[in-house]
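[1] Sequence and predicted structure below; questions after.
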Amino acid sequence: MTSVTMTVNGKKMSGEVEGRTLLVQFLREAQGLTGTHVGCDTSQCGACVVHVDGVAVKSCTMLAQEAAGAEVTTIEGMANPDGSLGVIQQAFQDHHGLQCGFCTPGMVMSAADLLKTNADPSETEIREYLEGNICRCTGYHNIVKSIQAAAATLRG
Amino acid sequence: MPKDHDGIGASTKRREDVRFLSGAGRYTDDINLRGQAYAYFLRSSVAHGNLTSIDTAEAEAMPGVVRIFTAKDFEGVGGLPCGWQVTDRFGQPMKEPGHPVLATGKVRHVGDPIAVVVAESLAEAKDAAEAIMVDIDELPAVIDMKAAVAGGAPLVHDDVENNLCYDWGFVEENREAVDAAIRGAHHVTTLELVNNRLVANPMEPRVAVGDYDRTTGEHTLYTTSQNPHVIRLLMGAFVLGIPEHKLRVVAPDVGGGFGTKIFHYAEEAFCTFAAKAVNRPVKWTCDRSEAFITDCHGRDHVTKIELALDAEGKFLALRTDTLANMGAYLSTFAPSVPTWLHGTLMAGNYTTPLVYVNVKAVFTNTVPVDAYRGAGRPEATFQLERVIDKAARELGIDPIELRRRNFIKPEQFPYQTPVAVVYDTGNYHATMDKLVEIADVAGFPARRAASEAKGKLRGLGIAHYIEACGIAPSQLVGQLGARAGLYESATVRVNATGSISVYTGSHSHGQGHETTFPQVVAEMLGIDATQVDIVHGDTSKIPMGMGTYGSRSIAVGGTAMVKATEKIIAKAKKIAAHLMEAAETDVELAGGQFSVKGTDKSIAWGDVCLAAYVPHNYPLESIEPGLEETAFYDPSNFTYPSGGYACEVEVDPDTGKVEILAFSAADDFGNVINPMIVSGQVHGGIAQGIGQALLEQAVYDENGQLLTGSYMDYAMPRADDVPMYAVDHSCVTPCTHNPLGVKGCGEAGAIGSPPAVVNAVVDALAARGVTHIDMPLTPARVWAAMNAAG
């Protein structure tokens, strides 16, 4: 067991981990941040996407120890300071961009990553960017609309 | 039409989204109980074999191991029950082999559980499982259905001859008349096709957490289920022998179901059983690779269909022969899917007077097959809409025109089909008209020419479906072999200050009940929907209910809620009449106010509720205090959504790649509670249907190894595989036998879309001589078909 410390959603968090402990296990099991989900075991579905030092990462594919010292943002860190939904989260609600909610945290985190580098993505760019996130409920139509709407709001 | 309030017809934003978007959803895997141990299932890696020995001695000594379970621990326990008994065409019951919780004597598919390690951690459980010594004398596996029933094949169950579960005929009395009509017809179109085997793949894998309280003798199971009461009944009564008052089943937030979370699975029974045996909570979390070899699969039919037509293109008779895969064991509702959920839909939207459906259900060494989104109805619609398209081409009649000539006309409802069911209402001409409009069918030739100019082959595919939702009534389905009732329940509890908690037997796993159900109650009472909350998913809270599947929630569960609310209104009016010193018959309720007809007397909803719980001025001699009512609703008929779907594709002649350029859906769902949510349901169904048509297939090799056992190998639609969808539900023929006039919308998209996609691809390739390609239409298959035919 090794002690690992990282900053998660602005708070220092520490825990004892095994060498094989995945970042997603550290977040879900050691820290109780259960908003990040595990939907597969082959790094395909994207339900576990978080940001590590500002970059979208599938947290099922990174060891907890690799994130030592990093700034990690999870879905729990995406709300406004007053706890209300952030712009991207709100756009998903406004445009019915989720149904069962299981893929949603990963979708929101991926959308946030896309919009950091592309403020006005086309439909095609959004669809191609989301290749690593699978949703089985929405058929993606309203996810695309949600991200377009969030982009428009963020552009002001 | 959307309204300016949040009642029926409003596209109210979903309230459950706030927790899902905040990471605050509470799914089963988010539940961790103090002191819990972890279960890991050691599963068969071979498809068929005799289990000769299991040696757990070394594994039991491994670090962290609490206990290891094998079949001998379950000797006093029942097997997993099947909830539907089909009677074959000779009047005999289907073959119903046992389905033990852990494999007993034999393993019958890759994934069949052999032993379970319960340990302090999941890692320790997995390590110990590797040390269990299992000897299996491998037997030849039977995978292909035709081979399985051909005689001389290996037997999945030694006492089931030819692996045949049943040979079902429907309607058996029509058999000879159908044969004669086909023999004498002007034209017969024949098509042999496969309805490909699919894996439902809800994004949340299954999870079970068992808990036991020694002080009370109460068991609790947290599980990823669409129907917690069904699990409690099946597991309590048939598997573990736990009386229901000592068994609580909780299905909290559930991350999608699509049918595959209806069924009672061995892992649920195991965790419930083991929690008592080891005296601590036991948790099992399925990983995705395990899900592929344990979640029930869907579809998997091989069919020959023949359609007889006269010279004008009128349908005279229809005959189908289907082999339906049951897999290695009968899952909870498996036998009903290829029979009653399939045969009864073979009239489609058409006036075909004679129909005969034969289905042979077959055991193979594969994962059990059961209901998946649509369950039998997509299989019926696919073969029917494909054979009609083929007939249109053979007869030189436009496929839309051929369908119109045979549609049941609006004035013919209620319509008795030759396959037992009575359609209450519908207007197929209207949905087809709407489809032609929104898909811009008139503009297709120009678009095709434009595609051809750039070297692409463009096709337009049409399909029109009928669905049957809210399977009922219980009395009838009981005669057809169902071992369950198919009602739904609701308790409406009005609190003292007028807010309301509705306890529904329906279960939401993405459908948005927490938003739509309050819209209905709010509309009935004229109060704000935020005053109404929904409670679901916990057998200790809700009345006995049957859960959510078959697009039944609003039509059956919603009606139960309406009926309970009607009882509330009736009682509240009595109280209001007393408070306003008026005759009960003069009291009206509107906008959250009770008033006396023809006077200016009124009293607010909240004041009446308070009087019910603080009954100082109250007619206690004639009515009880309190304001809480329960209703159980058992529908008199199915509901029958219908609609027209159009798909437009471009095929690359060099690679065979199919691109979907446009997809349109014109559905008649009856009245719509929340149009935004209904559109979302259709979108998701279409995507799954496109997945079936172009991408998805569970593939076994001849030894019974699942070759598509992960998301690396099983192709589901991703965002760049599908287009934006044009969906419309403005064609409305309200259901005639439920008070909301609703029909259900959850499965329609998955039913109507596969034939539309395949018809479109065949249309694109027809000039090259292609008449059919089996799903999924991968580039390799499309390329091979157009080159073979050309």
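    It's in. Numbering: from 1, shown residues only, chains lettered A, B, ... in the order given.
[2] quick one: average pLDDT of the biggest helix by length in chain B?
    In chain B, ranked by residue count with DSSP state H as the criterion, the top helix is helix B:558-579. What helix B:558-579 shows for mean pLDDT is 98.
[3] Got the domain ranges for the chain?
    No chain in the question, so chain A it is. Domains of chain A are assigned by automatic domain parsing as A:2-77, A:87-155.
[4] That was the other one, I meant chain B.
    According to automatic domain parsing, the ranges for chain B are B:17-24+B:487-633, B:31-139+B:208-284, B:149-196+B:297-408, B:435-464+B:638-790.
[5] Next, the contact list for the most centrally placed residue in chain A, please.
    Closest to where the C-alpha atoms of chain A average out (C-alpha atoms, centre = their mean) is A:Met109, at 3.0 Å. Applying C-beta atoms under 8 Å, 6 or more residues apart in numbering or on different chains, we find A:Met109 in contact with A:49-51, A:56, A:73-75, A:78. (Glycine included, C-beta is placed from N, CA and C.)
[6] excluding its backbone neighbours, what's nearest A:Tyr129?
    Nearest non-adjacent residue to A:Tyr129, counting by C-beta to C-beta, 6 or more residues apart in numbering or on different chains: A:Leu114, 4.7 Å away.
[7] mind checking which helix or strand that neighbour is in?
    helix A:104-117 (DSSP states H and E).
[8] With A:Phe102 as the reference, measure out to the residue in the stretch 501-650 of chain B that chain A sits nearest to.
    In the stretch 501-650 of chain B, the residue that lies nearest chain A is B:Gly510 (3.3 Å; C-beta to the nearest C-beta). Applying C-beta to C-beta, to the nearest Å, the value for B:Gly510 to A:Phe102 is 8 Å.
[9] Quickly list what's touching both of those two.
    B:255-256.
[10] Go through stretch B:738-746 and flag the buried ones.
    Residues B:738, B:740-746 are the ones in stretch B:738-746 that count as buried (16 or more other C-beta atoms under 10 Å in any protein chain shown).
[11] What I need now is these written out in JSON lines, including pLDDT and distance to chain A for each item.
    Conversion of these to JSON lines gives the following (pLDDT from 0 to 100; distance: C-beta to the nearest C-beta, whole Å):
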{"residue": "B:Asn738", "pLDDT": "97", "distance to chain A": "24"}
{"residue": "B:Leu740", "pLDDT": "97", "distance to chain A": "21"}
{"residue": "B:Gly741", "pLDDT": "98", "distance to chain A": "23"}
{"residue": "B:Val742", "pLDDT": "97", "distance to chain A": "19"}
{"residue": "B:Lys743", "pLDDT": "97", "distance to chain A": "19"}
{"residue": "B:Gly744", "pLDDT": "96", "distance to chain A": "16"}
{"residue": "B:Cys745", "pLDDT": "96", "distance to chain A": "13"}
{"residue": "B:Gly746", "pLDDT": "96", "distance to chain A": "10"}
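[12] Turn those residues into JSON lines, including distance to B:Ala468 and secondary structure.
    As requested, these are arranged in JSON lines below (distance: C-beta to C-beta, whole Å; DSSP: H, G, I helix; E, B strand; the rest coil):
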{"residue": "B:Asn738", "distance to B:Ala468": "14", "secondary structure": "coil"}
{"residue": "B:Leu740", "distance to B:Ala468": "18", "secondary structure": "coil"}
{"residue": "B:Gly741", "distance to B:Ala468": "17", "secondary structure": "coil"}
{"residue": "B:Val742", "distance to B:Ala468": "14", "secondary structure": "strand"}
{"residue": "B:Lys743", "distance to B:Ala468": "10", "secondary structure": "coil"}
{"residue": "B:Gly744", "distance to B:Ala468": "9", "secondary structure": "coil"}
{"residue": "B:Cys745", "distance to B:Ala468": "13", "secondary structure": "coil"}
{"residue": "B:Gly746", "distance to B:Ala468": "13", "secondary structure": "coil"}
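[13] Please identify which pair of the residues you listed lies farthest apart.
    B:Gly741 and B:Gly746 (17.2 Å; C-beta to C-beta).
[14] For chain B, state which of the contacts of A:Met109 is nearest.
    In terms of C-beta to the nearest C-beta, no member of these lies closer to chain B than A:Ile75, at 3.7 Å.
[15] Please give the number of neighbouring residues around A:Gly35.
    For A:Gly35, the neighbour count with other C-beta atoms under 10 Å in any protein chain shown is 27.
[16] right, and it touches B:Ser22 too?
    Yes - using C-beta atoms under 8 Å, A:Gly35 is in contact with B:Ser22, at 7.1 Å.
[17] Quick check: neighbours shared by those two?
    In contact with both A:Gly35 and B:Ser22: A:75-76, using C-beta under 8 Å, 6+ apart.
[18] picking that back up, are there helices or strands packed against the longest helix of chain B, and which ones?
    Counting contacts by 3 or more C-beta pairs under 8 Å, 6 or more residues apart in numbering or on different chains; DSSP states H and E, helix B:558-579 is packed against strand B:488-494, strand B:500-504, helix B:513-525, strand B:587-590, strand B:593-596, helix B:605-613, strand B:628-633.
[19] Out of those, which one sits most buried?
    With neighbours taken as mean count of other C-beta atoms under 10 Å in any protein chain shown, those reach their highest mean count in strand B:488-494, at a mean of 26.
[20] Now the residue of chain A found nearest chain B: closest residue in space, sequence neighbours ignored.
    Closest residue of chain A to chain B, C-beta to the nearest C-beta: A:Gly35 (1.9 Å). Nearest residue to A:Gly35, sequence neighbours excluded (C-beta to C-beta, 6+ apart): B:Gly23, at 1.9 Å.
[21] how many other residues sit next to that neighbour?
    For B:Gly23, using other C-beta under 10 Å, the count is 24.
[22] got the contact list for it?
    By C-beta under 8 Å, 6+ apart, B:Gly23 lies in contact with A:33-36, A:74-76, A:78, A:105.
[23] Before we move on, what's the pLDDT of it?
    So, for B:Gly23, pLDDT stands at 97.
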